[in-house]
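Asker: have a look at this prediction, sequence included:
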Amino acid sequence: MSGKGYPVSDISNTMFIENIVSIKKQPLIDLHGESCQYQVIWQDDDHGKLFNTERPEGMKGFTNFARLTINPGKSNNMHTHEGIEQVYMVLKGGGTVQVGEEREEVGTGDVIFLPSDVPHGFFNTTEKQAIVMLVGTGI
């Protein structure tokens with residue numbers, strides 16, 4: 001069950017399946033630099049044009065869903081999303097998350113809420129690769 005936008009049935013507003021393994025890792029150079037690799041399942045804002053993705057039908061409030069791979073000593077740079085809240089879930093590894101002026105150490109299993117319109121970034125301060133799932137929703 002892999003491929004771009006595999007619908008489970010023909011009924012709108014139903015389940016959507018995408019296999020992350022089939023999605024090529026790419027940097028979002030314009031916003032996050034070259035050191036963080038993204039596997040974008042979908043992204044509905046201006047940056048989604050880099051990946052030619054669309055939001056699955058039925059996912060009305062979600063703006064993006066991606067897996068980030070951040071190498072040791074690297075980050076996805078401090079950045080801001082206007083009108084988009086995000087959640088990071090650390091699947092593997094760890095580091096420091098900064099939201100505004102606040103910095104916290106995070107590790108495998110941690111879930112971090114990122115409010116809209118506030119600068120934030122994930123900094124891999126460990127010696128191992130960090131894998132983070134990202135979900136965004138418009139407000």
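Answerer: Arrived safely. Residues are numbered from 1 along each chain as shown.
Asker: just checking: what are the partner strands of the helix or strand harbouring V132?
Answerer: With elements delineated by DSSP states H and E, V132 resides in strand 130-138, which encompasses its position. Taking DSSP bridges as the criterion, strand 130-138 forms sheet pairs with strand 62-70 (antiparallel), strand 84-92 (antiparallel).
Asker: can you pull the pLDDT of S2?
Answerer: What the model reports as pLDDT for S2 is 42.
Asker: same check on Q98?
Answerer: The confidence metric pLDDT takes the value 98 at Q98.
Asker: is it true that it touches T125?
Answerer: No: checked against CB atoms under 8 Å, the pair Q98 and T125 is beyond contact range at 11.1 Å. Bear in mind the C-beta positions are built from the backbone N, C-alpha and C, glycine included.
Asker: distance of Q37 from T69?
Answerer: The span separating Q37 from T69 equals 4 Å under the rule CB to CB, to the nearest Å.
Asker: typo on my end, it should be E102
Answerer: In this structure, E102 and T69 are 24 Å apart, going by CB to CB.
Asker: with Q98 instead?
Answerer: When Q98 is compared with T69 (using CB to CB), they lie 19 Å apart.
Asker: what's the answer for V87, then?
Answerer: Counting by CB to CB, the gap between V87 and T69 amounts to 18 Å.
Asker: show me which of those two is the more surrounded one.
Answerer: Shown here are V87 and T69; by other CB atoms under 10 Å, T69 has more neighbours (18 against 13).
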